[in-house]
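S.K.: this one's structure only:
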């Protein structure tokens with residue numbers, strides 16, 4: 001069944017209406033993040049920091065999710081130099097609590113701080129960013145470092161770990177999930193992934209052979225995205241599906257980049273608010289199925 005499609009709205013959802021179990025969870029509510037350190041699996045074994053969210057009532061062996069931030073890093077633009085669990089951005093707090101409330105361990109990876117860029121990068125600075133944070137080469141190694149770390153956390157089922165990312169981090173998600181790595185990654189790697197508004201150029205790495213993930217991937221973005229190309233992602237997904245890739249894309253009409261950010265600037269756009277509610281309702285069932293015990 002060909003499942004690439006454009007999501008159509010019968011009605012615009014009201015901001016704050018219930019979504020899934022938790023509705024519009026307040027950004028500051030929920031689980032207290034624990035600062036952790038671990039290492040990337042890049043050649044230099046780069047030290048990384050991050051925040052671990054533990055579920056309040058975990059199963060004996062619980063699933064987990066790795067979260068990959070975008071170009072702005074994990075902290076709020078209002079952090080003013082105070083980079084801690086208290087200043088993690090609203091979007092990241094929301095999704096970390098979303099998963100923790102549902103029984104998942106969550107590791108929010110910080111690819112930037114220990115590399116010297118805790119405040120992240122502004123839009124339009126892509127060509128000026130250092131190679132150390134390359135989203136196709138280096139940051140996937142951060143994701144696998146996080147995967148390796150989670151498999152050492154007591155209570156985590158190491159065979160049931162998913163991956164999720166936004167923007168530049170979503171591009172890293174796509175590269176992480178590419179079936180171009182040694183070994184049986186369907187057994188060794190992540191079980192499934194969610195990519196929110198990725199840049200799909202991926203340094204032209206998959207232009208010749210095409211892109212095929214080793215596990216299910218779902219992509220979500222809008223037709224009005226002002227930072228990355230929906231057309232480019234459409235082509236990537238269509239070509240991947242033609243090669244039997246297990247990837248689906250939801251393209252929301254009139255929706256912008258960063259549509260799920262909890263800020264009034266983003267959620268004040270009716271199409272963004274509707275897309276946010278839709279994706280919140282669909283994310284949990286996707287991982288529940290993809291990360292089920294096998």
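M.R.: In hand now; what should we look at? Because the structure is a prediction, the values reported are computed rather than measured. Residues are numbered from 1 along each chain as shown.

S.K.: just so I have it, where are all the helices in the chain?
M.R.: 90-101, 139-150, 168-177, 185-188, 230-242, 264-267, 270-290 (DSSP state H).

S.K.: neighbours of residue 186, just the number please.
M.R.: Counted with other C-beta atoms under 10 Å, residues neighbouring residue 186 total 12. Glycine gets a C-beta too; all of them are placed from N, C-alpha and C.

S.K.: same check, this time on residue 261
M.R.: Residues contacting residue 261 under the criterion other C-beta under 10 Å number 19.

S.K.: among the helices of the chain, which is the most enclosed?
M.R.: Of the helices of the chain, the one with the most neighbours on average (mean count of other C-beta atoms under 10 Å) is helix 168-177, at a mean of 29.

S.K.: got the contact list for it?
M.R.: 67-71, 111, 135-137, 139-140, 142-144, 163-165, 189-190, 193-200, 202, 205, 211, 213-215, 217, 219, 236 (C-beta atoms under 8 Å, 6 or more residues apart in numbering).

S.K.: Write a PyMOL command that selects only the buried members of these.
M.R.: Selection command for PyMOL covering only the buried members of the contacts of helix 168-177, criterion 16 or more other C-beta atoms under 10 Å:
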select buried, resi 67+68+69+70+71+111+135+136+139+140+142+143+144+163+164+165+189+190+193+194+195+196+197+198+199+200+202+211+213+214+215+217+219+236
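
S.K.: right, so of the helices of the chain, which gets closest to residue 79?
M.R.: helix 90-101 (11.8 Å; C-beta to C-beta).

S.K.: The closest one packs against which elements?
M.R.: strand 47-53, strand 62-68, strand 105-110, helix 270-290 (3 or more C-beta pairs under 8 Å, 6 or more residues apart in numbering; DSSP states H and E).

S.K.: That helix vs helix 270-290, what angle?
M.R.: Put simply, helix 90-101 runs at 30 degrees to helix 270-290, going by axes from the mean of the first three to the mean of the last three C-alpha atoms, to 10 degrees.

S.K.: How far does helix 90-101 sit from its chain's centre?
M.R.: Offset of helix 90-101 from its chain centre (C-alpha atoms, centre = their mean, to the nearest Å): 11 Å.

S.K.: repeat for stretch 168-179
M.R.: Its chain's average C-alpha position is 9 Å from that of stretch 168-179, according to C-alpha atoms, centre = their mean.

S.K.: Could I get the average pLDDT for it?
M.R.: For stretch 168-179, the mean per-residue pLDDT is 98.

S.K.: just checking, what packs against the strand of greatest length in the chain?
M.R.: Looking across the chain with DSSP state E, the single longest strand is strand 156-166. Under the contact definition 3+ C-beta pairs under 8 Å, 6+ apart, strand 156-166 sits against strand 62-68, helix 139-150, helix 168-177, strand 192-196, helix 270-290.

S.K.: Export the ones you listed as CSV, with columns for distance to residue 42.
M.R.: Shown next, in CSV, are the helices and strands packed on strand 156-166 (distance: least, C-beta to C-beta, whole Å):
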stretch, distance to residue 42
strand 62-68, 15
helix 139-150, 4
helix 168-177, 12
strand 192-196, 19
helix 270-290, 26
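
S.K.: and the residue nearest to residue 158 when sequence neighbours are not counted, how far is that from residue 79?
M.R.: Residue nearest to residue 158 in three dimensions, not counting chain neighbours: residue 151, with 3.8 Å by C-beta to C-beta, 6 or more residues apart in numbering. Note on residue 151: its distance to residue 79, by C-beta to C-beta, to the nearest Å, is 31 Å.

S.K.: who's more crowded, these two?
M.R.: For residue 151 versus residue 79, neighbours defined as other C-beta under 10 Å are more numerous around residue 79 (17 against 13).

S.K.: Burial check on the closest residue to the more buried one other than its chain neighbours, number of neighbours?
M.R.: Distance criterion C-beta to C-beta, 6+ apart; nearest residue to residue 79, sequence neighbours excluded, is residue 87 at 3.9 Å. By other C-beta under 10 Å, 17 other residues sit near residue 87.
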